[in-house]
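A.B. asks: Next come a sequence and a model predicted from it.
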Amino acid sequence: MKTRLRSHVWLPGCCACLSIVLAASSCEQAASSGSDAGLDAHDGQSAPDIDDRCAGLDKLGEVVLGEIMDFALDGETLVAVDYHGLAIYSLSSPDEPALLGRLPTPGEAWRVDVQAGHAFVADGRGGLLIADISRPEAPFELARLGIGGEALDVAVRDRLAVVASLQIDPVVLDIAEPYAPAELSRIPHPASELAFSGGRLVLYGPGSSENLRAVRVIDLGVPASPVELGCTEVNRDFLGSQVHETPLVLAWGMSATERYAFLADMRYNEIQVIDLGDPAAPFELGWFHSTGEHRHGLDSVQDTLLAAVDDALVSFDVSRLGEPNEVGRLVPEPEVLGRARIPAFCYLTALDAAGSLLLTASRDYAHQTAPMALQTFDLDAAPPAPLARLELDQRYLGDAVLTGSHALVARWGYGEPWEGGVLVVDLADPARPELEGAFGTLHPVAALAVDGARAVLAGSQELVVAEISDPSQPAILGSATYPDLDAEAAALCGEHACVVSGALSHRLRIFDLRDPEAIAELGSLALSGTSPKGAGIAVDGQTAYVANGTGGLRVIDVSDPARPVELGACTSFADFATDVALSPPHAIVAAGVGVYLVDIRDPSHPQAEAFCDTPGYASQIRVRDGRILVDDTYSLGVYALPDGH
């Protein structure tokens, strides 16, 4: 068994450092000794559920270990597995941690557990590998056991080892003689993750349907006859993945205490909590988010849960999980008014609303050549009621804006040459939308901004100003070419346009539109963070609010267009900030796992004060008439602002 830390780490394309593990070891010692030191885990700000006992950790040393899949501490020795096999490091001199030895493995070393001088490796197609590490500088293979499928995880307790697989039933082994492991039984439930909870085993694997995952509690009191004590299923849509034709359940790490099981879900950036108080009736207690983007591993020490998040260790106080608001959720939460499902295999790309009319653009992701479609909804119905669907012969649509009885929809074409421009849709009768016309641009259009009779079209290389007093007969007033524009979002601020440029330049750029035939860039500001999943912008007076991916929400003074200045930022989101809307004195931010309400009364210190978890991936947001409209990727959510907001 792992004497100090059990943490699964999945770092594709990244590097993990020994300083994480050292911090974990120190953190456990602090927890076990009752230390009251505190950890500042994210930009110097404490998250609501960070455990103050685990803080002030010194960086004792750092060794690049490569693409770690899992690691375990055994006294002053660190045992890790990566794509190349087993690696053992000495921690006897924290200032100079040293690689002691390596042992290549024949398969893909997924997970490792250690006990009594032996390492137990779930080696993928290589089955279970048991190594003698009593001499760390010369580890050697002691035994290897094929289990009939890929070994994905392993847990060791006393004389027992259990190996998980999704292709075959998990195997219970007698390891009293590690050189000759003997199969005792099989548990008739394939699993990708497992952990011991006291004397019981907890399995995580496929449920009764494609979108359900099962958490099972198994009694191994008689190892030859495992008995299922209880099971609960949790709903996790769109988690399917394929590795060697084996579906993974995407729980990137599992840990368990006597009372709770914790599951790290990288896709949703959350930690799921399963209450095991009654083994016969486990249930999902809730979930909470950490302060990072990805979660690679978990460990539990007494009442502290440790999560390996990016390249840092974050601790959570789990001593009062049964009490309200102690699972890391900010309150109050917006009230759900309704949710409209998007047709199967479709996802939203744009939305806007005016009065009781809601417009969305979506595409069929199962058939990439399928046309886009516009859908109108009645917002006065709960949930929003579909009115009509208009298919468009377009492979991709960008932003959408409602203006009067018309909708303007940005067109981002594919092929050579790329076709850009705007589609004009007549919505005089929302139940019978009609494509009225279109006007083209030289380059694709990604973002639209409308103010009265003027519209700004921002795209990959071009900024266009159009007259739309009569949307059925728009007229281009002027344009300017900027090869590195790469627009992701745009907003109008008086006679100026504020454009968020993407990966090519990644900054806020301000343009003078007073003479549309001579558009001029006045100034720009480099944006902190990256926005791989898009960005959003909203402007109120002389202040711009930019949702900027890993950079969170940036608050920028644009009163002097030639010299925009950042006033403050809010970075306490559990995922990429992808869009923002304003409802003073709050900004509402779409950030993947859900929606945040941010108090912006003090622009220098915007603070997240409410959060609502959404079922899908919140990517776009609008606020209309006290309602929050959320593009949740595969559904449309409508929420009411909490009282007082």
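C.D. replies: Great, that's in hand.
A.B. asks: Ser604 contacts Gly568, correct?
C.D. replies: Yes: with contacts counted by CB atoms under 8 Å, Ser604 reaches Gly568, the gap being 4.1 Å. For every residue, glycine as well, the C-beta is placed using N, CA and C.
A.B. asks: what do the two both touch?
C.D. replies: Each of Val555 lies in contact with both Ser604 and Gly568 under the rule CB atoms under 8 Å, 6 or more residues apart in numbering.
A.B. asks: More neighbours: which of those two?
C.D. replies: Legend: neighbour count by other CB atoms under 10 Å for Ser604 and Gly568, higher for Gly568 (16 against 9).
A.B. asks: Pull the contacting residues for that one.
C.D. replies: With contacts defined as CB under 8 Å, 6+ apart, Gly568 is in contact with 555, 602-606.
A.B. asks: Considering these, which possesses the most neighbours?
C.D. replies: Compared across the contacts of Gly568, Pro606 has the highest neighbour count, 25 neighbours, by other CB under 10 Å.
A.B. asks: Hmm, Cys570 and that one touching each other?
C.D. replies: Yes: judged on CB under 8 Å, Pro606 makes contact with Cys570 at a distance of 4.1 Å.
A.B. asks: Spell out which residues are contacts of both of these two.
C.D. replies: 553, 555, 598.
A.B. asks: what number of residues lie near the nearest residue to the first one once chain neighbours are set aside?
C.D. replies: In space, not counting the residues next to it along the chain, Leu553 is nearest to Cys570; the distance is 4.5 Å by CB to CB, 6 or more residues apart in numbering. The local packing count at Cys570 equals 23, with neighbours defined by other CB under 10 Å.
A.B. asks: One more: Pro584?
C.D. replies: Residue neighbour count, defined by other CB under 10 Å, stands at 9 for Pro584.
A.B. asks: dump the residue contacts of it.
C.D. replies: Pro584 is in contact with 540, 600, counting by CB under 8 Å, 6+ apart.
A.B. asks: Give the helix, strand or coil label for Ala361.
C.D. replies: With DSSP: H, G, I helix; E, B strand; the rest coil as the basis, Ala361 sits in strand.
A.B. asks: distance between the ends of stretch 111-119?
C.D. replies: For stretch 111-119, the first and last residues are 10 Å from each other (CA to CA, to the nearest Å).
A.B. asks: Quick one: mean pLDDT for that stretch?
C.D. replies: For stretch 111-119, the mean pLDDT works out to 91.
A.B. asks: Pro603: what secondary structure?
C.D. replies: The three-state label given to Pro603 by three-state DSSP is coil.
A.B. asks: those strands in the stretch 1-150 of the chain, which residues are they?
C.D. replies: Chain-ordered strands for the stretch 1-150 of the chain, with DSSP state E, counting those that start in this stretch as the definition, fall at 6-8, 68-74, 77-82, 85-90, 98-104, 111-115, 118-122, 128-132, 140-145.
A.B. asks: do you know how far Ala407 is from Pro474?
C.D. replies: Distance check for Ala407 against Pro474: by CB to CB, to the nearest Å, it reads 12 Å.
A.B. asks: who has more neighbours, these two?
C.D. replies: For the pair Ala407 and Pro474, the greater number of neighbours falls to Ala407 (28 against 21), based on other CB under 10 Å.
A.B. asks: got a list of what that one touches?
C.D. replies: With contacts defined as CB under 8 Å, 6+ apart, the neighbours of Ala407 are 352, 359, 374, 400-401, 424-425, 427, 433.
A.B. asks: burial measure for the closest residue to Met254 other than its chain neighbours, as a count.
C.D. replies: Leaving aside its chain neighbours, Met254 sits nearest to Glu193 (4.0 Å; criterion: CB to CB, 6+ apart). In terms of burial, Glu193 registers 28 neighbours under the definition other CB under 10 Å.
A.B. asks: State whether Glu193 and Asp153 are indeed in contact, as I suppose.
C.D. replies: Yes: Glu193 sits in contact with Asp153 when judged by CB under 8 Å, with a separation of 5.4 Å.
A.B. asks: still on that earlier bit, can you tell me which of the contacts of Gly568 is closest to Asp625?
C.D. replies: Each of these was checked against Asp625 using CB to CB; the closest is Pro606, at 23.9 Å.
A.B. asks: Let me see the contact set for that closest one.
C.D. replies: For Pro606, the contacting residues are 553, 555, 568-570, 587, 598-600, by CB under 8 Å, 6+ apart.
A.B. asks: roughly how far apart are the residue nearest to Leu553 and Gln272?
C.D. replies: In terms of CB to CB, Cys570 sits 26 Å off from Gln272.
A.B. asks: pLDDT-wise, which helix or strand of this protein ranks last?
C.D. replies: Of all regular secondary-structure elements in the chain, judged by mean pLDDT, DSSP states H and E, the least confident is strand 242-243 with a mean of 24.
A.B. asks: Phi, psi for the residue nearest to Arg627 when sequence neighbours are not counted please.
C.D. replies: Nearest residue to Arg627, sequence neighbours excluded (CB to CB, 6+ apart): Val638, at 5.7 Å. Here the main-chain torsion angles of Val638 (degrees, to the nearest 10) amount to phi -120, psi 120.
A.B. asks: Could you give the bridge partners of Val638?
C.D. replies: Using DSSP bridges, the beta-bridge partners of Val638 come out as Gly338, Leu629.
A.B. asks: Is it in contact with Pro383, as I believe?
C.D. replies: Yes: in this structure, Val638 sits in contact with Pro383. The criterion is CB under 8 Å, and the distance is 7.2 Å.
A.B. asks: So what's the residue count around Pro383?
C.D. replies: The local packing of Pro383 (other CB under 10 Å) involves 17 other residues.
A.B. asks: Then Thr360?
C.D. replies: When neighbours are defined as other CB under 10 Å, Thr360 has 26 of them.
A.B. asks: What of Leu73?
C.D. replies: Applying other CB under 10 Å, we find 22 other residues in the vicinity of Leu73.
A.B. asks: Fine by me, thanks again.
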